[in-house]
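Q: Could you look at this predicted model? Sequence included:
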Protein chains: 2
Amino acid sequence: MSDKKEFVKEITNIEEDFAKWYTDIVIKADLADYTDTKGCVAIKPYGYAIWENIQKYTDDLFKKSGVENVYLPLLIPESLLQKEKDHVEGFAPEVAWVTQGGGEELEEKLCIRPTSETMFSNLYSKWLSSWRDLPFVYNQWCSVLRWEKETRPFLRSREFLWQEGHTIHSTEQEAKQRTIQMLNIYEQVIEDLLAIPVVKGEKTPSEKFAGADNTYTVETMMHDGRALQSGTSHYFGQNFTKPFEVKFQNKEGKEEYAYQTSWGVSTRLIGGVIMAHGDNRGLKLPPKVAPIQVVIVPIAAHKEGVAEKAQELYQTLAQNYRVKLDLRENYSTGYKFNDWEMRGVPVRIEMGPRDIENGVCIAVRRDTLEKQEIKLENLSQELGLLLEDIQINMFNECKNRLKERTTIATNLDEFKKNIEEKQGFIKAMWCGDEACEDKIKELTGAKSRCIPFEQEHISDTCVCCGKKADKMVVWGRQY
Amino acid sequence: MSDKKEFVKEITNIEEDFAKWYTDIVIKADLADYTDTKGCVAIKPYGYAIWENIQKYTDDLFKKSGVENVYLPLLIPESLLQKEKDHVEGFAPEVAWVTQGGGEELEEKLCIRPTSETMFSNLYSKWLSSWRDLPFVYNQWCSVLRWEKETRPFLRSREFLWQEGHTIHSTEQEAKQRTIQMLNIYEQVIEDLLAIPVVKGEKTPSEKFAGADNTYTVETMMHDGRALQSGTSHYFGQNFTKPFEVKFQNKEGKEEYAYQTSWGVSTRLIGGVIMAHGDNRGLKLPPKVAPIQVVIVPIAAHKEGVAEKAQELYQTLAQNYRVKLDLRENYSTGYKFNDWEMRGVPVRIEMGPRDIENGVCIAVRRDTLEKQEIKLENLSQELGLLLEDIQINMFNECKNRLKERTTIATNLDEFKKNIEEKQGFIKAMWCGDEACEDKIKELTGAKSRCIPFEQEHISDTCVCCGKKADKMVVWGRQY
């Protein structure tokens, strides 16, 4: 056990310095590493495998809902970026510009896409002619670049991977439905795959995406009570289709501008998984998204028959699960236990000579650290139940935290007291005035997360100015 | 049938102007389109779906061979690019430079990756310490940018999608084995999935990748007899690991530089599929890679029961195949037939009221245009055999062309005569002198494709200079 203690010391205590704990996990669990390109990380195999699982699950849901994938250019000419006023104001300050190519200065500089509304709109104007062509429900998996000043792996990186869906429709109603449909898919990804409950709602006008009429969001709560904006879906109306002339002949034979949406989730979700589930032993991965669901660590593997039996077990389990067999010779068993715990593998199977004699093994859950003896002949079946139970338990733990750390406030004193004590979410009424949002942020550090779809009546008046208010807003400090 | 004739006219005749035929197919089959970013195309859903099928097939083979996926930064600092002399000479003239970010001029400019040997090598130097860590067998699916002057969709685009694998090993032998292993995987992808036979071999020194010791290639022959370099695998020795200081402690406890490889295929393969299989009716897709394997076109779909029966058939077939049901009302049946032929769908199912009465349908093969009546109750099973047969037949057609248009030459006159008459591949002996390669290119437009692994003895002397020669080279004009 001495190995164990030493090992855990290497990770910063989660309650003492959550930010440092986070960075420790990212680096020590081999999820990502810093590079010589400032503000950009390299996603390592273990981190990228999580992303692949997120991609696969999400893309399957997309395709079932009629989404088609495309790939549009990385580089956007300056003149295109400038066509929608709010959009260029929002993004121009944080883009990277290509000014030289093939040994020459370019006539027009090109930005690396920070997002692709302009590129999609420009092409849609070319591709669209009749209502019969609609809708276009296109998505791309790609990387984008935003010149952030402060960066953190996965959470805020200059370059990050994401998907961006861009759709156009013949009616406002259909476009609005698509906006919500995709938000619901994000809810499913985050709750079902990542085991993190969401608060779903609409952003206040000041928190909207640059150029959108409405921005919808799924917000999640991290270990320390702070919020992570985890996915957004935007309704644009005709804000882009007018300047880009994305028009079609409608059923009545008249020209009309199309109605547009966009929506995205990114590798930020990996940051969310780390921060929502992790603990002092390290990462804790929900079974559905874990690259390795089960690790087999043979004990006294040098003894006769142990490695062979472990290999046999591996072959059996690999038919149904993502399994790893750890036969490394230069690490102690204790080190291996800690290592796989730190990497968040949901179930560890321990098996020594005596266990083999008795036809059993020990299964250890990463979430509760509970151990149980399981007959080898039942193991494959039992594992399925165990992994399901872990997935549910992890979701419930987050759900309980969300509940416990969400409080209500009817005035600013309550608000301040609650946020200091719980650092969680606060439900409070809001009059609709941006000045109140600004004041709350200044006084408490909390921003409006969203106006949840599930409204509650907390009081009759704005938590800030005391004027009449009929909207309940969820507030919180954020990542 | 009047529709049909009119329709086919829209595509340039393949024998008259192959280049224009190619562009027609790319645009009219909705594979890709030009954009306002010069030299960069947008890959549309139908084209991207082909890429997704290539990716899935290739990535599965990668993973089975122990490859792990990662994602490294898009932007490479100038100082990193410059560390390997041959490499920077090869790539610096054709990169795009980011010189401004976040509203400021950058201290050091960053290039958009044209390939990532430098970025991988730099990180490997950080990640590697002991022989126990090796090998690193990493790959990334991403886009790269090369500032080409002349561009053509899929074949030569400024930005293109690809995978780039980068591995390091503790021994020269292991690295060399990996180089060939990956080349063999490319052979399998191109022959088995894309139904195009390859010529596999080593590039001559003048055609090597910038910085490589050896470059291996799989070369394919297009409809017009020209070659397409379809995938390459490079052995670097220690050319990058020395300047980047990628070293490890070997089993004897001594410091040693690692041995490196890289390998890639790109969306150029889509261009290969178009140009190897297409004909005057348009695209012709091998069933294994076709986004739509079977299209159901009901005849007289307005008549009672036809649409319902077609829908029912669709549901049944969709369990085993990628199927499309064409119920568009505003297109004639003739138009639909031509449209799906042009898009290269391997099998078309026609079904009208009388067919339904008789419990049959008509299946039309895209490759041979043969029609056959099939009982509806047997259709799902029969389709499997039919698609398999189409896949094999398409491969054999290409194989026959490769055979017919590959000739031998023992002197320059024969060489010139053959290339003018057949525009195909020429097998001829080569002395090893670059001057002979240059002269052949100047006189005939043909370049050395590779020194095939399967050598034949054509003559004793170099086809160009007449000196002693023991290497057989395959030559050809290229895309």
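A: Structure received.
Q: so what pLDDT did the residue lying farthest from the centre of chain A get?
A: For chain A, the largest distance from the centre (Cα atoms, centre = their mean) belongs to A:Glu304, which lies 45.8 Å off. For A:Glu304, the model assigns a pLDDT of 91.
Q: Then the one 4 residues further on?
A: As summarised for this prediction, A:Glu308 has a pLDDT of 95.
Q: got the phi/psi numbers for whatever residue of the stretch 151-300 of chain A ends up closest to chain B?
A: In the stretch 151-300 of chain A, the residue that lies nearest chain B is A:Glu159 (5.5 Å; Cβ to the nearest Cβ). C-betas here are computed from N, CA, C, even on glycine. Phi and psi for A:Glu159, reported as degrees, to the nearest 10, are phi -110, psi 140.
Q: quick check: mean pLDDT across the longest helix belonging to chain A?
A: For chain A, the helix that runs over the most residues, judged by DSSP state H, is helix A:379-404. Average pLDDT, helix A:379-404: 98.
Q: One more: stretch A:158-167?
A: Taken as a whole, stretch A:158-167 has a mean pLDDT of 98.
Q: ok, now stretch A:62-78?
A: Stretch A:62-78 comes out at a mean pLDDT of 98.
Q: That one and chain B, are they touching?
A: Yes: with Cβ under 8 Å from any Cβ of the partner chain as the criterion, chain B is reached by stretch A:62-78 at A:68-77.
Q: Tell me the one of these nearest B:Asn378?
A: Within the residues of stretch A:62-78 next to chain B, the smallest distance to B:Asn378 is 32.2 Å, found for A:Glu68 (Cβ to Cβ).
Q: Okay, and A:Val26 sits in which element?
A: A:Val26 belongs to helix A:18-28 when assigned by DSSP states H and E.
Q: which parts of that helix are buried?
A: Neighbour counts over helix A:18-28 (16 or more other Cβ atoms under 10 Å in any protein chain shown) mark A:18, A:21-22, A:24-28 as buried.
Q: what does stretch A:330-348 give?
A: Within stretch A:330-348, the residues that qualify as buried are A:333, A:336-348, counting by 16+ other Cβ under 10 Å.
Q: quick revisit: now do the contacts for the residue farthest from the centre of chain A.
A: For A:Glu304, the contact set (Cβ atoms under 8 Å, 6 or more residues apart in numbering or on different chains) comprises A:Pro353.
Q: Now do the contacts for the closest residue to chain B within the stretch 251-400 of chain A.
A: When scored by Cβ to the nearest Cβ, the stretch 251-400 of chain A has A:Asn330 as its residue closest to chain B, at 6.6 Å. Neighbouring residues of A:Asn330 by Cβ under 8 Å, 6+ apart: B:Arg132.
Q: how would you label it: helix, strand or coil?
A: Under the three-state scheme (DSSP: H, G, I helix; E, B strand; the rest coil), A:Asn330 adopts coil.
Q: Can you name the residues of the stretch 151-300 of chain A sitting close to chain B?
A: Counting by Cβ under 8 Å from any Cβ, the stretch 151-300 of chain A sits next to chain B at A:159, A:161.
Q: Any stretches of the stretch 151-300 of chain A with poor pLDDT?
A: Within the stretch 151-300 of chain A, no range satisfies pLDDT under 70.
Q: And the helices in it?
A: Ranges of helices within the stretch 151-300 of chain A are A:172-188, A:268-277, based on DSSP state H, counting those that start in this stretch.
Q: ok, residues contacting the first one?
A: By Cβ under 8 Å, 6+ apart, the list of residues contacting helix A:172-188 from outside reads A:58, A:61-62, A:65, A:135, A:137, A:165, A:167-169, A:198, A:200, A:214, A:216-218, A:230-231, A:233-237, A:259-261, A:263, A:265.
Q: Give the buried residues for stretch A:433-446.
A: Buried residues in stretch A:433-446 (16+ other Cβ under 10 Å): A:436-437, A:440, A:444-446.
Q: Contact partners for A:Lys83?
A: Counting by Cβ under 8 Å, 6+ apart, A:Lys83 makes contact with A:118, A:121-122, A:240, A:243-244.
Q: Throw those residues into a markdown table and include distance to A:Ala469 and neighbour count, thanks.
A: Rendered in a markdown table, the data for the contacts of A:Lys83 read as follows (distance: Cβ to Cβ, whole Å; neighbours: other Cβ atoms under 10 Å in any protein chain shown):
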| residue | distance to A:Ala469 | neighbour count |
| --- | --- | --- |
| A:Thr118 | 37 | 27 |
| A:Ser121 | 36 | 27 |
| A:Asn122 | 41 | 24 |
| A:Phe240 | 32 | 27 |
| A:Pro243 | 35 | 18 |
| A:Phe244 | 38 | 24 |
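Q: Could I get these in CSV, plus columns for distance to B:Asp86?
A: Output for these, formatted as CSV (distance: Cβ to Cβ, whole Å):
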residue, distance to B:Asp86
A:Thr118, 39
A:Ser121, 43
A:Asn122, 39
A:Phe240, 46
A:Pro243, 47
A:Phe244, 45
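Q: Inside strands: which ones of the residues you listed?
A: Counted as lying in strands by DSSP state E, out of the contacts of A:Lys83, is not a single one.
Q: Surely A:Ser129 touches A:Gln249?
A: Yes: shown here, A:Ser129 and A:Gln249 form a contact pair, counting by Cβ atoms under 8 Å, at 6.7 Å.
Q: Relative to the whole chain's centre, how far out is the following helix or strand past the longest helix of chain A?
A: For helix A:379-404, the succeeding helix or strand toward the C-terminus, using DSSP H and E, is strand A:406-408. Between the centre of strand A:406-408 and the centre of its chain there are 24 Å (Cα atoms, centre = their mean, to the nearest Å).
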